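In: when you get a sec, could you give me coordinates for this:
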Amino acid sequence: MATKGEELLTAQMKKHRENNPFPKNTFSREELPTNNKVKNLEKNRGKEKSTTIRCSLDTANSLKALSDVLALGSMNDLIDEMLYSKIDELTAEQKGEYKAMKKIIENKKKK
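Out: Next comes the predicted model:
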């Protein structure tokens with residue numbers, strides 16, 4: 001037979017469980033929107049050589065957190081998305097200069 005204290009505790013626990021709020025809308029990471037541009041790049045890219053980039057630990061942590069929040073597959077996808085977004089903002093003159101500089105850098109790497 002339960003004592004009065006046990007009954008009170010059981011009643012309080014039951015009340016707590018009944019009043020426990022649950023979210024009205026739930027979602028999973030798979031349901032989050034993703035950028036189709038990045039997905040198309042992955043398909044077209046195939047296997048590329050990779051390199052490392054040095055940055056501060058804080059910057060690396062921020063990139064990782066942003067990549068996780070946006071449900072992107074890798075750091076490369078996040079950086080690609082940010083690059084293409086920034087390139088889209090360039091003026092026509094800046095885009096031309098960017099393409100020329102990129103071509104020069106790529107040609108230096110080939111030698």
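
In: low-confidence ranges, the protein, go.
Out: 1-2, 5, 8-9, 11-27, 29-47 (pLDDT under 70).

In: where do the helices sit along it?
Out: Under the criterion DSSP state H, helices of the chain are mapped to 4-19, 36-45, 57-69, 75-89, 92-110.

In: quick check: angle from the fourth one to helix 57-69?
Out: Counting by axes from the mean of the first three to the mean of the last three CA atoms, to 10 degrees, helix 75-89 points 90 degrees away from the direction of helix 57-69.

In: may I have helix 75-89 as PDB, with CA atoms only?
Out: Taking Å, rounded to 0.1, in the frame of the first residue of the first chain, the C-alpha atoms of helix 75-89 are listed here in PDB:
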ATOM      1  CA  MET A  75      32.500  22.400 -46.300                       C
ATOM      2  CA  ASN A  76      33.200  22.400 -50.000                       C
ATOM      3  CA  ASP A  77      29.500  22.800 -50.700                       C
ATOM      4  CA  LEU A  78      29.100  25.600 -48.200                       C
ATOM      5  CA  ILE A  79      32.100  27.500 -49.600                       C
ATOM      6  CA  ASP A  80      30.900  26.900 -53.200                       C
ATOM      7  CA  GLU A  81      27.500  28.300 -52.300                       C
ATOM      8  CA  MET A  82      29.100  31.400 -50.600                       C
ATOM      9  CA  LEU A  83      31.500  32.000 -53.500                       C
ATOM     10  CA  TYR A  84      28.700  31.800 -56.200                       C
ATOM     11  CA  SER A  85      26.600  34.100 -54.200                       C
ATOM     12  CA  LYS A  86      29.400  36.600 -53.900                       C
ATOM     13  CA  ILE A  87      30.300  36.300 -57.600                       C
ATOM     14  CA  ASP A  88      26.700  37.000 -58.600                       C
ATOM     15  CA  GLU A  89      27.000  40.300 -56.800                       C
END
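
In: which positions in it come out as buried?
Out: Residues 76-78, 80-81 are the ones in helix 75-89 that count as buried (16 or more other CB atoms under 10 Å). C-betas here are computed from N, CA, C, even on glycine.
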